[in-house]
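[1] what's the 3D shape of this:
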Amino acid sequence: MVIELNRWTSWLFIWLLCGTVTAGLMLFFPVADLIGLIILILEALLILLLAVKQSTIGKTLIVAFLLRAIAALVHYYIIPLPDSQADARSFERLAAEWAEYGFVNLLHQFRTGSELYPWLIAVIYSIVGRSPLTAQAINVLFGSLIVRNTYLLAKQFWDNRVATRAAWIATLFPTLILYSAITLREVAVVFPLTLGVLYFLWWLHKERPIDLVKAFIACGIATAFHTGIVVVILIMALTTFSRWLRALCAVHPKLTLTRSFALCLLVLSIYIIFISGWGLEKLGGFKVSTAVDWLANLQRNYAIGRAAYLQHLQPRSVFDLIWQTPIRITYFLFMPFPWFVRTWVDLLGVTISACNLLLTILILRSFPKIWATYERRWGLYTLLALLGTFALATSNYGTSIRHSSKLVPLALALAKIPKVRI
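    This is a model prediction of the structure:
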């Protein structure tokens with residue numbers, strides 16, 4: 001009875017505190033801002049509960065949330081953050097326009113691809129009214145949970161100590177903070193992507209069908225936000241096929257049956273994706289027979305503005321594609337180079353490319369140990385496939401910084417972050 005009473009007293013205290021804070025905020029902030037602030041407060045409580053439940057990374061999650069929430073508030077009330085003007089403002093304005101259709105009409109206009117993110121914001125706006133801070137607050141929450149996913153991935157690859165270091169770096173990594181604080185779709189892509197990779201690693205380890213189903217659903221959601229993630233689903237299918245072949249050759253009936261079910265599930269899922277066009281809007285003009293020309297045209301379309309690079313380096317044949325890929329990966333990860341610096345924004349870009357360089361060195365340093373186990377090798381294949389996909393489709397360093405941030409959590413998990421002795 002005492003325990004039950006204490007529990008109810010605690011919850012009553014929390015609700016009274018929230019009510020008091022809300023009443024105080026109403027005196028100083030407009031309703032649109034107030035909704036966003038209340039959501040941030042509720043998210044803080046959720047992160048606190050999660051931190052208590054997972055005490056190993058409790059402090060990390062709290063710091064991650066605070067940094068992202070502060071960045072969102074700084075952007076909203078003080079000064080716009082980098083990369084928060086063009087696409088970010090367009091997404092928010094588009095969401096506000098669509099919200100005028102009303103909640104029911106929006107449900108009938110569901111879309112995937114680059115328009116899925118503003119569509120989701122529009123659904124929220126149709127319920128609570130236009131509130132840019134609310135859209136940012138949602139990114140803050142899932143941006144913080146990406147840190148948790150990074151920890152779980154690194155723990156699956158290595159051990160708890162390495163995973164804790166990876167989580168701390170994810171907490172402090174500049175682009176992961178930035179894209180968790182502004183209205184861009186990066187968080188909406190990275191959170192389900194990292195979750196899908198984690199579930200698939202669990203399936204590789206224990207081969208429970210439910211993990212494979214979760215992996216596909218998560219990566220399917222990520223693909224709905226960005227076409228490039230479909231490459232992960234293809235890798236999952238190839239991996240499942242190779243494991244099925246090994247079970248078949250080993251004449252292991254029970255394992256063959258389990259893996260046959262997994263293979264059929266993934267093949268059917270891929271078939272549905274390609275037939276329905278789920279998240280494949282960027283492949284609208286793609287034909288296998290003219291793949292090189294399609295890719296060259298895509299590169300030309302993105303090679304615009306002062307931040308463009310390799311404008312005159314488009315493939316004309318498969319051979320061109322082979323020798324140009326390492327060059328494009330180099331520019332994708334490390335552009336802008338120091339000698340390209342002209343403004344403070346370029347200087348920020350150099351800082352991010354330096355972080356990418358350090359992360360690349362750590363992965364190369366860990367390569368023998370990565371190659372030593374099947375799960376780590378699979379993680380490396382997935383990382384390289386995503387890297388190649390985004391690098392080949394990008395010709396602008398502003399866009400490359402955004403896309404490379406999608407790879408950071410998986411790269412951190414693989415890098416086997418060493419202990420720093422001071």
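
[2] What is the helix or strand hosting Asn356 packed up against?
    Assigned by DSSP states H and E, Asn356 belongs to helix 344-365. Packing partners of helix 344-365 (3 or more Cβ pairs under 8 Å, 6 or more residues apart in numbering; DSSP states H and E): helix 174-178, helix 318-334, helix 397-414. No exception for glycine: its C-beta is placed from N, CA and C like everyone else's.

[3] tell me the mean pLDDT for the helix or strand following that helix?
    Downstream of helix 344-365, the next assigned helix or strand under DSSP H and E is helix 367-371. Mean pLDDT, helix 367-371: 93.

[4] ditto for stretch 231-241
    On average, stretch 231-241 scores 89.

[5] do stretch 388-406 as well
    87.

[6] From the opening residue of that stretch to its closing one, how far?
    Stretch 388-406 has an end-to-end distance of 13 Å (criterion: Cα to Cα, to the nearest Å).

[7] returning to that earlier point: for the helices and strands packed on helix 344-365, which one sits closest to Asp211?
    Set against Asp211 and scored by Cβ to Cβ, the helices and strands packed on helix 344-365 come closest in helix 397-414, at 17.3 Å.

[8] burial of Trp371, as a residue count?
    When neighbours are counted by other Cβ atoms under 10 Å, Trp371 registers 11.

[9] In three-state terms, label the closest residue to it other than its chain neighbours for me.
    In this structure, Trp371 finds its nearest non-sequential neighbour in Arg377, 6.0 Å apart by Cβ to Cβ, 6 or more residues apart in numbering. What DSSP: H, G, I helix; E, B strand; the rest coil gives for Arg377 is helix.

[10] Per-residue pLDDT of Arg377, please?
    94.

[11] In the stretch 101-250 of the chain, mark out all the helices, start to finish.
    Here the stretch 101-250 of the chain has its helices, by DSSP state H, counting those that start in this stretch, at 103-107, 116-128, 132-157, 160-172, 174-178, 186-206, 209-225, 230-249.

[12] from the ones you listed, which stretch is densest packed?
    helix 132-157 (a mean of 25; mean count of other Cβ atoms under 10 Å).

[13] ok now the helix or strand containing Leu263, how far from the chain's centre?
    Using DSSP H and E, Leu263 maps to helix 253-276. Chain-centre distance of helix 253-276: 25 Å, with Cα atoms, centre = their mean, to the nearest Å.

[14] Which strands or helices does it pack on?
    Using 3+ Cβ pairs under 8 Å, 6+ apart, helix 253-276 is in contact with helix 209-225, helix 230-249.

[15] Kindly calculate the angle that that helix makes with helix 209-225.
    Computed by axes from the mean of the first three to the mean of the last three Cα atoms, to 10 degrees, the angle separating helix 253-276 from helix 209-225 equals 20 degrees.

[16] And helix 253-276, what's buried?
    Buried residues in helix 253-276, counted by 16 or more other Cβ atoms under 10 Å: 255-256, 258-259, 262-263, 265-266, 269-270, 273.

[17] any idea how far the residue nearest to the spatial centre of the chain lies from Thr389?
    For the chain, the residue nearest the mean C-alpha position is Val190 (1.0 Å; Cα atoms, centre = their mean). Going from Val190 to Thr389 by Cβ to Cβ, to the nearest Å gives 15 Å.

[18] Tyr331 too?
    Plainly put, Tyr331 is 15 Å away from Thr389 if you go by Cβ to Cβ.

[19] try Val187
    19 Å.
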